[in-house]
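>>> sequence unknown, structure follows:
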């Protein structure tokens, strides 16, 4: 049994180093879990999932990412490092490689290819536009420029602490595993959990054994049905909306029908439905048992990133029956996972931290029905229009080299060759975009005078890295869409509160339960864990401590 004692030194609040530490830290990230959704769906939860964490921990209801580009890799890297993207370098799911002049996927690494899983072909279609940009199959954390809490924990115990990241997405696993851990992710091409040569030369036996059972194939010929009676759902009347997406026969309404692997998007359908999170939890159980996590005095770190809520949001929206059911089912998956950890490690030996990498806006069409003025804009169309306008105005062809939201990259060589000042091009683009419906801000690296002090200036600056960020940051208006054309019906990534707001719950039997409504940042998590476990701060840490997690509960 461990407890946290408070020692107060001027300017500092920290746990006494004389107390026994938890043997296992489990950091749960629910991809796309907007901060209000736990409260919204609370009546449908059982006592042993989300509510167990809340009733045995500190729940920060007003937690936010403080950067502008609320995408998956950006949020996961921030949770792992306690740094803003300006420091950790993961400024977006995609950025321009200035050396090679091509767009790069965030964790792409040609030197470390993905290990082929024996018996799996991996030929499924790609629906993720960010992953589709990757020119190689390699994956590693080399593009992360600072250390994670897991890295510092590993270093503090001279490599005795085990660090493992597991996710339904490769970028969710790699970011949280850091530079010193091991990462595994669910392949939407094959249905297997895979890794790369950065982590292993060959798969561990327990991974081969898990994959050999082909658990993802259990969905073949089945349907995703509601977990409970329809009348028990808040959004029972939101099951058939014309702007939702039917992903290759998966359907817009319950029951959703799974196809088969030869259909191409079958394993993407698996990730969208409840089986995706169930598989992630089951693989995490195997890792705990096989790697003997939490079995000695050196604390281990396990990150489990659940991806199905985000996948559902993209195709059905957060105010949908599908969203409500997937979160209700995740609550039950968590309850089952917690029971396993209790049995395997001991409830008193585990510290849980739950948060999300970003929130999610509502469907633009749904907001239009509610009376809001919204717009759908697409990067490719905007780039084509801007290039046409710039060619006519300045005589520079293809001045906009790439526009992959949120960054617009200019072709400086072409602009210089025509003797045009880049600042004039920036001014023209900003003026053109700022009068367009659905665009709230177009801010160059050096903001124009009228943009100084704007509420979005600081979040955009926190997202800026000189070698990776583009020339102009473009942010959509609240609830408007801005992304590539494709199957996604709704897209996060904005600096608005619905995208920055996420839960933070720190839970263990030794914490004094409470709900905290104070504004806090996600950068505070890694900082707080470092204090709790007496490690060096992650190298780019920008956060502060969450003092409520150091308050000892009153004696019963």
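Ah, there it is. Just so we're clear, the structure is a prediction, and the values are computed from it rather than from any experiment.

>>> list the contacts for residue 69?
85, 91, 92, 406, 463, 493, 495 (C-beta atoms under 8 Å, 6 or more residues apart in numbering). Any C-beta I mention is one placed from the backbone N, CA and C, and that applies to glycine too.

>>> Which one of the residues you listed is nearest to residue 273?
Residue 273 lies nearest to residue 493 out of the contacts of residue 69, by C-beta to C-beta, at 23.7 Å.

>>> For the closest one, list the residues it contacts.
Residue 493 makes contacts with 69, 70, 71, 358, 405, 406, 482, 483, 499, as judged by C-beta under 8 Å, 6+ apart.

>>> Please identify which pair of these lies farthest apart.
358 and 482 (14.8 Å).

>>> Those two: which has the busier surroundings?
Neighbour count, other C-beta atoms under 10 Å: between residue 358 and residue 482, residue 358 has more, with 29 against 23.

>>> I'd say that one and residue 499 touch.
Yes. In this structure, residue 358 is within contact of residue 499 by C-beta atoms under 8 Å, at 5.7 Å.

>>> Quick check: neighbours shared by those two?
65, 70, 492, 493.

>>> tell me the SS of the last one?
The one in question is residue 493. Classification of residue 493 by DSSP: H, G, I helix; E, B strand; the rest coil places it in coil.

>>> Tell me, how many residues neighbour the nearest residue to it once chain neighbours are set aside?
Using C-beta to C-beta, 6 or more residues apart in numbering and skipping residues adjacent in sequence, the residue nearest residue 493 is residue 71, 5.1 Å away. For residue 71, the neighbour count with other C-beta under 10 Å is 26.

>>> pLDDT score assigned to residue 71?
With respect to pLDDT, residue 71 has a value of 98.

>>> what does the domain assignment say about this protein?
6-349+357-361+508-550, 376-483 (automatic domain parsing).

>>> averaging pLDDT over each of those domains, which comes out lowest?
Set side by side, these differ in mean pLDDT, and domain 6-349+357-361+508-550 is lowest with a mean of 94.

>>> where's that domain relative to the chain centroid, distance-wise?
Its chain's average C-alpha position is 7 Å from that of domain 6-349+357-361+508-550, according to C-alpha atoms, centre = their mean, to the nearest Å.

>>> Tell me which stretches of the stretch 351-500 of the chain form helices.
364-369, 379-394, 412-417, 422-434, 457-462, 497-500 (DSSP state H, counting those that start in this stretch).

>>> List the buried residues of the fifth one.
The one in question is helix 457-462. Across helix 457-462, burial judged by 16 or more other C-beta atoms under 10 Å covers 457, 459, 460, 461, 462.

>>> same thing with the fourth one?
Within helix 422-434, the residues that count as buried by 16+ other C-beta under 10 Å are 425, 426, 428, 429, 430, 432, 433.

>>> Now the fifth one: closest residue in space, sequence neighbours ignored.
Using C-beta to C-beta, 6+ apart and skipping residues adjacent in sequence, the residue nearest residue 430 is residue 442, 4.6 Å away.

>>> helices and strands around the top helix by length along the chain, which ones?
In the chain, with assignment by DSSP state H, the single longest helix is helix 321-344. Of the remaining helices and strands, those touching helix 321-344 by 3 or more C-beta pairs under 8 Å, 6 or more residues apart in numbering; DSSP states H and E are strand 24-30, helix 50-55, helix 274-290, strand 300-306, helix 308-316.

>>> Figure out which of those is closest to residue 242.
Closest to residue 242 of the helices and strands packed on helix 321-344, according to C-beta to C-beta: helix 308-316, at 12.1 Å.

>>> Give me the packing partners of that closest one, helices and strands only.
helix 266-272, helix 274-290, helix 321-344.

>>> Reformat those as a markdown table; add mean neighbour count and distance to residue 446.
Shown next, in a markdown table, are these (neighbours: other C-beta atoms under 10 Å; distance: least, C-beta to C-beta, whole Å):
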| stretch | mean neighbour count | distance to residue 446 |
| --- | --- | --- |
| helix 266-272 | 27 | 41 |
| helix 274-290 | 22 | 43 |
| helix 321-344 | 21 | 40 |
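
>>> Throw those helices into a markdown table and include distance to residue 101, thanks.
Below are those laid out as a markdown table (distance: least, C-beta to C-beta, whole Å):
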| stretch | distance to residue 101 |
| --- | --- |
| helix 266-272 | 31 |
| helix 274-290 | 36 |
| helix 321-344 | 40 |
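
>>> Which one, of those helices, ends up nearest to residue 146?
Relative to residue 146, the nearest member of the helices and strands packed on helix 308-316 by C-beta to C-beta is helix 274-290, separated by 25.3 Å.

>>> quick one, the closest one and helix 308-316 angle?
With axes from the mean of the first three to the mean of the last three C-alpha atoms, to 10 degrees defining the directions, helix 274-290 sits at 160 degrees from helix 308-316.

>>> Who are the contact partners of the nearest residue to residue 102 once chain neighbours are set aside?
Excluding the flanking residues, the one nearest residue 102 by C-beta to C-beta, 6+ apart is residue 135, at 6.7 Å. Residues near residue 135 by C-beta under 8 Å, 6+ apart: 102, 104, 108, 110.

>>> filter the residues you listed to the buried ones?
104, 108.

>>> Give me the subset of the contacts of residue 135 lying in strands.
102, 104, 108, 110 (DSSP state E).

>>> re the thing from before, dump the contacts of residue 69 into JSON lines; add distance to residue 282 as well.
Compiled in JSON lines, these are given as follows (distance: C-beta to C-beta, whole Å):
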{"residue": "85", "distance to residue 282": "32"}
{"residue": "91", "distance to residue 282": "33"}
{"residue": "92", "distance to residue 282": "31"}
{"residue": "406", "distance to residue 282": "36"}
{"residue": "463", "distance to residue 282": "35"}
{"residue": "493", "distance to residue 282": "30"}
{"residue": "495", "distance to residue 282": "36"}
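
>>> Just name the closest of the residues you listed to residue 517, please.
Proximity of the contacts of residue 69 to residue 517 (C-beta to C-beta) peaks at residue 495, which lies at 21.6 Å.

>>> What are the phi and psi values at that closest one?
phi -90, psi 10 (degrees, to the nearest 10).
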